[in-house]
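Trainee: Provided below are the primary sequence and the corresponding predicted coordinates.
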Amino acid sequence: MSDLQDMLSSAAHERPVGFDHRDVQGRAVVRRRRRQAARVGAAGATLAVLAVFFVSFGDTGGDDDVDVASSGEVQHESRLAGRWTALAYSAVVVPPQGVYVQFDEGGRLEGDDGCNEFTAEWEVEADRLVVDNFQSDGEACEVDIRLRELLLAEPQIGSFDGDDESLELRAGDDFIAFGRDS
Amino acid sequence: MVVNDMEAGEFCDQLRDRLVGALTLACGDQGTAEELAQDALVRAWERWDEVRQMDSPDGWVFRVAFNLAGSWRRRRAAEWRANRRATAGDRATAGEDLAQSQAVRKAVAGLSDRQRAVVVARFYLGYDVAGTAALLDCAPGTVKATTHQALARLRDSGLAVGQMAEEVDAR
């Protein structure tokens, strides 16, 4: 065995592969159910917020203890859903036009970093955005705003002026601030 | 739907061994490779209508798999190193072939993420420069340069990469 190809072929398997398409199909079903549950949870969180509003409005001084904070990830996911246009960057002073990200509730992310369109998958873990399967056109950018690097760095989700119309994604010193598209 | 499921199932089973092999080289152990391979195939299954119409459905899955492997490596690097240290002694006693496989995986693990992906794509999966560039979302020149650097590093680690690899490197 003297060639790299032969060596890699030998090193690539320790034993026969232990799964087949039925396992893959099973996992796909589980993931679909989880996403459906998350969507139901998001709807539930909205109802819970409405419930808090109505209960508070008619408050009689009792202990109405409705904890919506426990569904923080769902709230973040629900809040992120939609299209956001980039407004301010840590990496560049003069940004390119048309930079946006769009979070679909089904877990799909798409956007444009000013020179490449991209797609990915997203979810929220605690207060961080986790992006996976990032795929882009791969063109070299005249102005690199480091959006890809930021998205893949599990950035912290924040609102730079405390409302749901603005969004800041931050990883260390890098950040991009977005405004919600109307 | 049933026809799609059958088609997706055949695609999974046809790709499975090469995918797990590539990920075993990328990650260093087959157990993790099987997990990541299933994750990548699940993503293909979920959007099979879209994936089946691509020019290279295999390439798309390999690309997803390499991305997953990269994420996994970054998240688990410390744990992975600890496990390798803990099990290295056991594996070394299990025979010459296994020892050689371990040496190959160790050498491949010593490459950078991009070098590793290029080596696996070109020398295990058999992609050419253009195919590797498409797979890894980079320029053909980058693939050539990265191949050259990776082979030099493998040689430095004591691996006999052989004449065929030299010829592939030169193309």
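Mentor: Done, it's in.

Trainee: and residue 129, how many neighbours?
Mentor: I'll assume chain A. Counted with other CB atoms under 10 Å in any protein chain shown, residues neighbouring A:L129 total 25. In short, each C-beta sits where N, CA and C put it, glycine included.

Trainee: my bad, chain B
Mentor: Neighbours around B:V129, by other CB under 10 Å: 19.

Trainee: likewise for the one 3 residues further on?
Mentor: For B:T132, the tally of surrounding residues (other CB under 10 Å) stands at 25.

Trainee: now it: which helix or strand?
Mentor: In this structure, B:T132 is located in helix B:129-136 according to DSSP states H and E.

Trainee: mind checking if that helix is in reach of chain A?
Mentor: No. If you take CB under 8 Å from any CB of the partner chain as the test, helix B:129-136 misses chain A, and the best it gets is 8.9 Å.

Trainee: where along the chain do the helices fall?
Mentor: Just going to use chain A. With DSSP state H as the criterion, chain A has helices at A:4-11, A:21-57, A:72-80, A:147-152.

Trainee: meant chain B, my bad for not saying
Mentor: Counting by DSSP H, the helices of chain B are B:2-27, B:30-46, B:48-51, B:57-92, B:96-109, B:113-119, B:129-136, B:140-156, B:162-170.

Trainee: and the fifth one, what does it pack against?
Mentor: What it means is helix B:96-109. The contact analysis (3 or more CB pairs under 8 Å, 6 or more residues apart in numbering or on different chains; DSSP states H and E) places helix B:96-109 against helix A:4-11, helix B:2-27, helix B:57-92, helix B:113-119.

Trainee: so how far is the shortest one from its chain's centroid?
Mentor: A distance of 8 Å separates the centroid of the chain from that of helix B:113-119, by CA atoms, centre = their mean, to the nearest Å.

Trainee: spit out the contact partners of B:A133.
Mentor: If you count contacts by CB atoms under 8 Å, 6 or more residues apart in numbering or on different chains, B:A133 has them with B:A139, B:P140, B:T142, B:V143.

Trainee: among those residues, which ones are buried?
Mentor: B:T142, B:V143 (16 or more other CB atoms under 10 Å in any protein chain shown).

Trainee: just send the contacts of B:A133 back as JSON lines, with distance to A:V124 and pLDDT too.
Mentor: Output for the contacts of B:A133, formatted as JSON lines (distance: CB to CB, whole Å; pLDDT from 0 to 100):
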{"residue": "B:A139", "distance to A:V124": "34", "pLDDT": "89"}
{"residue": "B:P140", "distance to A:V124": "37", "pLDDT": "92"}
{"residue": "B:T142", "distance to A:V124": "33", "pLDDT": "92"}
{"residue": "B:V143", "distance to A:V124": "35", "pLDDT": "93"}
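
Trainee: ignoring the adjacent residues along the chain, who's closest to B:R114?
Mentor: B:T146 (5.6 Å; CB to CB, 6 or more residues apart in numbering or on different chains).

Trainee: same thing with B:K144?
Mentor: B:V129 (6.1 Å).

Trainee: how about the one you found, what does it touch?
Mentor: B:R122, B:P140, B:V143, B:K144, B:R171.

Trainee: any idea how far it lies from A:R128?
Mentor: 37 Å (CB to CB, to the nearest Å).

Trainee: report how many residues lie close to B:P57.
Mentor: Counted with other CB under 10 Å, B:P57 comes out at 17.

Trainee: need the pLDDT of the spatially closest residue to it that is not a sequence neighbour.
Mentor: Nearest residue to B:P57 in three dimensions, chain neighbours excluded: B:V51, at 5.0 Å (CB to CB, 6+ apart). Listed pLDDT for B:V51 reads 88.

Trainee: quick one: the residue nearest the centre of chain A and chain B, what's the gap?
Mentor: Nearest residue to the geometric centre of chain A (CA atoms, centre = their mean): A:W122, 3.4 Å. Computed with CB to the nearest CB, to the nearest Å, the distance linking A:W122 and chain B is 13 Å.

Trainee: so what's that residue up against?
Mentor: Contacts of A:W122 by CB under 8 Å, 6+ apart are A:L80, A:F103, A:G107, A:R108, A:L109, A:L129, A:V130, A:V131, A:D132.

Trainee: by neighbours, which of these wins?
Mentor: Ranked by neighbour count (other CB under 10 Å), these have A:L129 at the top, with 25 neighbours.

Trainee: what sits against that residue?
Mentor: A:L80, A:W122, A:L151, A:E154, A:P155, A:Q156, A:I157, A:L169 are the contacts of A:L129 under CB under 8 Å, 6+ apart.

Trainee: isn't the third one right up against A:N133?
Mentor: The one in question is A:L151. No. Using CB atoms under 8 Å, A:L151 makes no contact with A:N133, being 11.3 Å away.

Trainee: overlap of the contact sets of these two?
Mentor: A:A120.

Trainee: so those two - more neighbours on which side?
Mentor: Taking neighbours as other CB under 10 Å, A:L151 and A:N133 compare with A:L151 leading, 24 against 20.

Trainee: contact partners for that one?
Mentor: A:V101, A:L109, A:A120, A:L129, A:V131, A:F134, A:L169.
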